[in-house]
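1. All I have is the shape, not the residue letters:
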């Protein structure tokens, strides 16, 4: 949510800082509390879930004999992938899978449909199956079935959220009403015909599961937020007003979004229409994935599921210029307005160049995250991410040693953050603060009315006063730099 | 837009218990036959790649339980089928009489858009046995009365007519799968109405 016009919350956030001291004092860092956290964990694991335990005897009703088909189910590399995602129609027709050749997975798609429909016969809906360390999570949204299989200790809810993102990406491509009407006409429809060519957007959305680079992007999806390109607020305001002044008179223009490096520079919207963060993340994903947008102006119908899942907006997508890799999207409901938007974009580029704003954007693009030591002067914090809850914007620090050059270490860190996030937000027992000492690091998660902070410290800081001082210094710095780090205010055409 | 991916055809085999549904499927896919009767519990399926009109497609053949007490996997399987194969035993008249109710049940559960033209294929099985009691003529008449359903007399045991029957099944299934569907009206336009776009509540909206 984001009208930052409400400044009264400012006060609260200031009080929150002091509250950390109190909150930490209450905890006292003694063993007892760590035990109680562990206890929570234990109790959670005993919570009743809709669990189907794998029972070899019960599988006898489905026997698979297939001589021709390559058997992924006996391919240890395939089996041991940390994450699988499958999309199929309720008729069991394959639509997408993350790993492997889907033509060789027909048997598995059949089985997945069987699992869903067996439970449906009892007017129930399958949610998950847990087998040792592997979770199978189902998202049944007729006419689609999405299944996530995960071995990396994610919570059911986290896997479910990932599937929701994937589902929304499919809707982004085909539009919900259109997909439904197609399946109403033909429930055996092969949706790959409509998705063809755009599967890579889903691949890209799941890129953290096939990690090749170490970056903060998985914390963006974990916290359902967006990152902001840092720049002086006066410059950001000027860029915003450049867009406003060139678009004010264009009828039916709903959103203008300027982004670079997966970070938002500014967003202008039509009065009374709102851009949801989940929709914005899909836009970021598609832009990040499509190199071809760089070479020309594009005109693309897109469906923003949270905005309107039953219709498409037409997006004029183009990069600012050869020397500035910021991407401008102008989204309208008018199918005919390409020439007008194309012209507006030219004018915007020209004005940005004249005001030297292109340089400012390029400088901001060099940013790789907050530098804890040189920017803030805190030496004991290794890494953090901070979610501004009012506007769902995320701030991350630069990833440094020992995580930057070691994929294993980074994945462990990531898993710890996922676990922290899960425990602090658990609906049955939400917590405000978690402080934990691990073998190789200390971690803190802290949720207040205005922000969420997740931080990792050096393992040898044993004094709570040091932790408190460092966290307070960090928060103070964030507040001081807020105008630069976050996008505040609403901008309307 | 055509996809380069292989089409998956979903084929459902229905019929009374012990008419030879599983045997037909096994004969077709694995070229095997066993005299031993083992009731199918729930459902079972095999996949096989076939070439139809120079196109390679994958058939996913769902073998169902004929015995009511084993129909535990529910009716959701019928949904989205591309072809339905009705099987009876040429030596057991009751299994032939029941084709009507199998066909009706399928149409109710699968509710295809165009039930009159949904592709069925009828197989009269066990023609290797001597005590035949349903005549070819009688079976053909029934098939004609149901919009000319293709009819084959088969023996899963001897492998008679099994390949040609399934080839027809694949062909008819593919014809219905690839039937043109107008998807051009793909992107419904949005009529702006601010009332339908409430400001997202807590924890969601960017701006």
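-> Great, that's in hand. This is a predicted model, so every value here is computed, not measured.
2. Name the residues of the stretch 251-400 of chain A found near chain B, please.
-> A:252, A:254, A:264, A:267, A:269-278, A:280, A:301, A:303, A:306-308, A:310-313, A:333, A:335, A:389, A:391-392 (Cβ under 8 Å from any Cβ of the partner chain). Heads up, the C-betas are built off the backbone N, CA and C, glycines and all.
3. rerun at 7 Å
-> Contact residues (Cβ under 7 Å from any Cβ of the partner chain) of the stretch 251-400 of chain A with chain B: A:267, A:269, A:272-277, A:280, A:301, A:307-308, A:310-313, A:333, A:335, A:389, A:391-392.
4. ok, of those, which come out buried?
-> A:267, A:269, A:273-277, A:280, A:301, A:307-308, A:311-313, A:333, A:389, A:391-392 (16 or more other Cβ atoms under 10 Å in any protein chain shown).
5. How many residues are close by the residue in chain B that chain A sits nearest to?
-> Of all residues in chain B, residue B:80 sits closest to chain A, with a separation of 2.0 Å (Cβ to the nearest Cβ). Residue B:80 has 23 neighbouring residues, counting by other Cβ atoms under 10 Å in any protein chain shown.
6. Same question for the one 3 residues further on.
-> Other residues within reach of residue B:83 by the criterion other Cβ under 10 Å amount to 27.
7. That one: what's it in contact with?
-> B:9, B:11, B:119, B:121, B:169, B:172-173 (Cβ atoms under 7 Å, 6 or more residues apart in numbering or on different chains).
8. what does residue A:313 give?
-> Residue A:313 neighbours (Cβ under 7 Å, 6+ apart): A:254, A:302, A:304, A:331-333, B:190.
9. Repeat the analysis, applying 8 Å as the threshold.
-> Contact analysis of residue A:313 by Cβ atoms under 8 Å, 6 or more residues apart in numbering or on different chains lists A:254-255, A:301-304, A:307, A:331-333, B:190.
10. Please, where are all the helices along the stretch 201-350 of chain A?
-> Using DSSP state H, counting those that start in this stretch, the helices of the stretch 201-350 of chain A run over residues A:217-222, A:233-247, A:277-289, A:305-308, A:338-354.
11. I'd like the ones you listed as JSON lines, with mean pLDDT appended.
-> JSON lines is the format used below for the helices of the stretch 201-350 of chain A (pLDDT from 0 to 100):
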{"stretch": "helix A:217-222", "mean pLDDT": "92"}
{"stretch": "helix A:233-247", "mean pLDDT": "94"}
{"stretch": "helix A:277-289", "mean pLDDT": "95"}
{"stretch": "helix A:305-308", "mean pLDDT": "94"}
{"stretch": "helix A:338-354", "mean pLDDT": "94"}
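12. Helix, strand, or coil at residue A:383?
-> State at residue A:383, reduced to three classes by DSSP: H, G, I helix; E, B strand; the rest coil: strand.
13. Name all residues that make contact with the nearest residue to residue B:120 once chain neighbours are set aside.
-> Distances taken as Cβ to Cβ, 6 or more residues apart in numbering or on different chains place residue B:149 nearest to residue B:120, at 4.7 Å, with adjacent residues excluded. Residue B:149 sits next to B:86, B:120-122, B:143 when contact means Cβ under 8 Å, 6+ apart.
14. so which strand or helix has residue B:149?
-> Element membership for residue B:149, per DSSP states H and E: none, as it lies in no helix or strand.
15. Could you measure from the residue nearest the centre of chain A over to chain B?
-> When Cα atoms, centre = their mean is applied to chain A, the residue found nearest the centroid is residue A:221 (1.8 Å). Computed as Cβ to the nearest Cβ, to the nearest Å, the residue A:221 to chain B distance reads 14 Å.
16. Equivalent analysis for residue A:89, please.
-> 6 Å.
17. tally of neighbours for that residue?
-> 25.
18. Please apply the same query to residue A:188.
-> For residue A:188, using other Cβ under 10 Å, the count is 23.
19. hang on, the earlier thing: in contact with the residue of chain B closest to chain A: list those residues for me.
-> For residue B:80, counting by Cβ under 8 Å, 6+ apart, the contacting residues are A:89-93, A:187-189, B:10, B:110.
20. Got phi/psi on it?
-> phi 70, psi 20 (degrees, to the nearest 10).
21. Pick out the one among the contacts of residue B:149 with the largest number of neighbours.
-> residue B:86 (27 neighbours).
22. surely that residue meets residue B:119?
-> No - using Cβ atoms under 8 Å as the test, residue B:86 is too far from residue B:119 to be in contact (11.3 Å).
23. before we move on, the earlier item: please determine how far the residue nearest to residue B:120 is located from residue B:13.
-> 14 Å (Cβ to Cβ, to the nearest Å).
24. And residue B:140, by the same measure?
-> Taking Cβ to Cβ, one finds residue B:140 at 20 Å from residue B:13.
25. out of those two, which sits in the busier spot?
-> Comparing residue B:140 with residue B:13 by other Cβ under 10 Å, the one with more neighbours is residue B:13, at 27 against 16.
26. what sits against the more buried one?
-> Contacts of residue B:13 (Cβ under 8 Å, 6+ apart): B:21, B:24-25, B:61-64, B:84-85, B:87.
27. Quick check, pLDDT for it.
-> What the model reports for residue B:13 is a pLDDT of 92.
28. Neighbouring strands of whichever strand or helix holds it in the sheet, and parallel or not?
-> Using DSSP H and E, residue B:13 sits within strand B:7-14. Sheet partners assigned to strand B:7-14 using DSSP bridges are listed as strand B:55-64 (parallel), strand B:83-89 (parallel).
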